[in-house]
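S.K.: sequence first, then the predicted structure:
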Amino acid sequence: MGEKQKKQYESGVRWIGWSAAIALASLGGWWFYARSLNPSLDPVEVKTVAAKLDTIETTITESGIVELGGQQTLKSPSDSTVDRVLVEVGDRVSEGEDLIILRNAEQQSALAVQPLETRKKQLSLARNRQKVREAEENLALAQEKLQRLTENNIERETNLAKERLNLREKQLALETQRQNLVYAREELAIAREKLAEIREQANREKARKLADLQLEIESKQLNLANARDKVIEAEENLAADQQELAELQELAAKGFIAEQEVRQQENAVRRDRTALRDAELQVSTQTLALERIKLKRQQIEREFQNQIESAEKAVREGEKAVQNAQAEIRRATFDKQRTQLEFDKLQQQPMEEIENARKAVRDAEITLRDAQLQVTQETLELNRLQIETQKNQQQYEENVVSAPSDATILEINVKNSDGIARGNDLLTLGDPAQELVKLQLSTLNAGKVELNQEARISVIGPQEETYQGVVLRLSPLATTGNGNNSSSMSGQAAVPATVKLNYPTGELIPGSQVSVEIVTQQRQDVVVLPIELIQRDGSEPYVWVRDRENILKKQSIELGLEGVVQVEIKSGLDPGDSVVVPPPEPPLEPGMSVIVSEDEAK
């Protein structure tokens, strides 16, 4: 080996040595770094929880007092005495049913007397109004008589002339009506003769035509019977041929006879069916012909009946004309007699009657004024009595305490003969068909509550039972003071609210205290996880998940509604995704190898 080659060999060896040293140093540094980041290279045993679909909600809890629907305490409307208590505790009562009758002797006495006084005043007022009408009529008659009597002699003579002319006109009218009566009687006699003639002729013609039609009807009925017999015969032939066809088809199927015989029998069946349809058509034709003849007979009878009815109508009209003429004669006779009386009165009227007529007018005016004054006084007195009666009646009705609605009696505070003052409690009632819970919400909780939110009502005690309800009412105004519904809110501002049970339980005792849990928010069928699995990197939430090689990594998530033990996962996880439960030791780090515990794997 030359000197040059030896130098090259030594240089190559040194290069390989340095390269190996650098590689070893690099591997050592990487091992030291990985060791510092993950002191244990063994997989960490962990548990996992699967994300699932569930319902999550937030609630508030308050205590409240049970009441029945429409529960109220009725109070005394006035100072009085309890006459009778008509109900007992636990009784069911209907709306308007009397519960307690109160007694006020002074009101009852006044109410008994006033109808009699009112009736007397009404009768007196009616009599005085009748007197006013009579006085007005008498005054009108007196004034009319005076006006007639004060006419001058020329006018009186003119009236006499007019009455003479009127009398002659009435006489002429009477003679005319008498002549009309004669004409009407003659027309009536003619109408009656014509009616008798039409009846006789109609009976003859009707008998002849109906006899002819009867023969034709009997002929058609005979034809119809023959046609029906043919239908029956055709049906029997068809049935026999169909039976024979069935037998031939069975023989042909077995090969005993030729197909030609079957087709011949099928043609016979078709002919039988055609014959049956023709026979049925003939029956329909004969039936229609018979109906047309019967209709023709009814038409003939109707025509003769119309002729007779027309003649009878003419007779009735003639009789009515006679009656009208007689009535006109009576009316004309009465008008003539009245006109004659007026004419005689004008002829016999003396002039000294004018002064008597003036005196009669003055007396009638005085009588009318007195009657009108009496009516005014009676009307005012009657109005006063009616107002007083209405007032007493209203007070009396208030003394009968009635049920404001269908309800059950919860408590009775009085008994018979008790004296009570206005505003005293009488009884407490409520509707058991509705059960309510009255609450006093804190102002913080009230801001979370809305109408129709779901509520769960439970009885406070060792055996807790829960009932479902909804928020029925929520006051817009907060109040302060010691409310009966929440001892915890004494002296603090509270918002009254009412929860209604969906169905009456019949077990909750009115006045008892219960616990009410109101669902303020709810999400159904959402992805949820236990709250303790949520980790945070600053303000960003995440959970630990593992990949297929069981290497840990952070999974960013978006949180939604947070309940007491669970939280909604809006994004980042799907139902069924496995989430690692952080163990107490060691702390989890990204890239760490994990293994699911054997118990959980099983």
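M.R.: Cool, the structure landed.

S.K.: tell me how far Pro575 lies from Asp525.
M.R.: Counting by C-beta to C-beta, to the nearest Å, the gap from Pro575 to Asp525 is 9 Å. Every residue, glycine included, has its C-beta placed from N, CA and C.

S.K.: same deal with Ala234?
M.R.: 75 Å.

S.K.: could you do Ser539 as well?
M.R.: 28 Å.

S.K.: the more surrounded of these two?
M.R.: Asp525 (8 against 5; other C-beta atoms under 10 Å).

S.K.: give me the common contacts of Pro575 and Asp525.
M.R.: Both Pro575 and Asp525 are in contact with Leu53, where contact means C-beta atoms under 8 Å, 6 or more residues apart in numbering.

S.K.: what about the longest helix in the chain?
M.R.: In the chain, taking DSSP state H as the definition, the longest helix is helix 153-254.

S.K.: any idea how far the very next helix or strand once past that helix is from the chain center?
M.R.: The helix or strand immediately downstream of helix 153-254 is helix 259-348, counting by DSSP states H and E. Taking C-alpha atoms, centre = their mean, to the nearest Å, one finds helix 259-348 lying 50 Å from the centre of the chain it belongs to.

S.K.: for stretch 49-69, same thing?
M.R.: 35 Å.

S.K.: buried residues in it?
M.R.: 49, 51, 54, 56-57, 59-60, 62-69 (16 or more other C-beta atoms under 10 Å).

S.K.: and the strands in the stretch 501-602 of the chain, which stretches?
M.R.: With DSSP state E, counting those that start in this stretch as the criterion, the stretch 501-602 of the chain has strands at 513-530, 535-537, 540-546, 552-556, 558-562, 566-571, 578-581, 594-596.

S.K.: now tabulate those in TSV and tack on distance to Arg92.
M.R.: Shown next, in TSV, are these (distance: least, C-beta to C-beta, whole Å):
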stretch	distance to Arg92
strand 513-530	24
strand 535-537	61
strand 540-546	58
strand 552-556	63
strand 558-562	45
strand 566-571	47
strand 578-581	59
strand 594-596	65
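
S.K.: ok, of these, where does mean pLDDT dip lowest?
M.R.: Comparing mean pLDDT over those, the weakest stretch is strand 594-596, at a mean of 86.

S.K.: partner strands of it, with direction?
M.R.: Pairing partners of strand 594-596, with direction, according to DSSP bridges: strand 44-50 (parallel).

S.K.: report the rounded mean pLDDT for the strand it pairs with.
M.R.: The average pLDDT within strand 44-50 is 88.

S.K.: after it, next one along is what?
M.R.: strand 52-75.

S.K.: and the very next helix or strand once past that next one, what does it pack against?
M.R.: Next in sequence after strand 52-75, counting helices and strands by DSSP H and E, comes strand 80-85. Taking 3 or more C-beta pairs under 8 Å, 6 or more residues apart in numbering; DSSP states H and E as contact, the helices and strands that strand 80-85 lies on are strand 98-103, strand 419-420.

S.K.: measure how strand 80-85 sits relative to strand 98-103, angle-wise.
M.R.: For strand 80-85 against strand 98-103, the angle by axes from the mean of the first three to the mean of the last three C-alpha atoms, to 10 degrees is 140 degrees.

S.K.: what pairs with strand 80-85, parallel or antiparallel?
M.R.: Assessed with DSSP bridges, strand 80-85 is paired to strand 98-103 (antiparallel), strand 419-420 (antiparallel).

S.K.: can you redo those strands as TSV with mean neighbour count?
M.R.: What follows is these, written out as TSV (neighbours: other C-beta atoms under 10 Å):
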stretch	mean neighbour count
strand 98-103	18
strand 419-420	14
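
S.K.: just send these back as JSON lines, with distance to Val400 and mean pLDDT too.
M.R.: Below are the strands paired with strand 80-85 laid out as JSON lines (distance: least, C-beta to C-beta, whole Å; pLDDT from 0 to 100):
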{"stretch": "strand 98-103", "distance to Val400": "6", "mean pLDDT": "80"}
{"stretch": "strand 419-420", "distance to Val400": "14", "mean pLDDT": "80"}
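
S.K.: redo these as a markdown table? Include distance to Gln221.
M.R.: Shown next, in a markdown table, are the strands paired with strand 80-85 (distance: least, C-beta to C-beta, whole Å):
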| stretch | distance to Gln221 |
| --- | --- |
| strand 98-103 | 78 |
| strand 419-420 | 95 |
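
S.K.: for Val514, which of those strands is the nearest?
M.R.: strand 98-103 (28.5 Å; C-beta to C-beta).

S.K.: what lies in contact with the closest one?
M.R.: 74, 76-78, 80-87, 93, 399-403, 409, 414, 420, 426-427, 429.

S.K.: got it, and stretch 318-331?
M.R.: Residues from elsewhere that reach stretch 318-331 (C-beta under 8 Å, 6+ apart): 174, 177-178, 180-181, 183-185, 187-188, 190-192.

S.K.: low-confidence ranges, the stretch 1-150 of the chain, go.
M.R.: 1-41, 104-114, 150 (pLDDT under 70).

S.K.: closest one to Glu589 among the helices and strands packed on strand 80-85?
M.R.: strand 98-103 (78.9 Å).

S.K.: next, the angle strand 52-75 makes with the closest one.
M.R.: Using the same axes, to 10 degrees, strand 98-103 lies at 20 degrees relative to strand 52-75.

S.K.: after strand 98-103, next one along is what?
M.R.: With secondary structure assigned by DSSP H and E, strand 98-103 is succeeded by helix 105-149.

S.K.: what is that following helix packed up against?
M.R.: Using 3+ C-beta pairs under 8 Å, 6+ apart, helix 105-149 is in contact with helix 353-398.

S.K.: check which helices and strands the helix it packs on is in contact with.
M.R.: So helix 353-398, by 3+ C-beta pairs under 8 Å, 6+ apart, packs with helix 105-149.

S.K.: so what's the gap between the helix it packs on and the chain middle?
M.R.: On C-alpha atoms, centre = their mean, the centre of helix 105-149 falls 51 Å from that of its chain.
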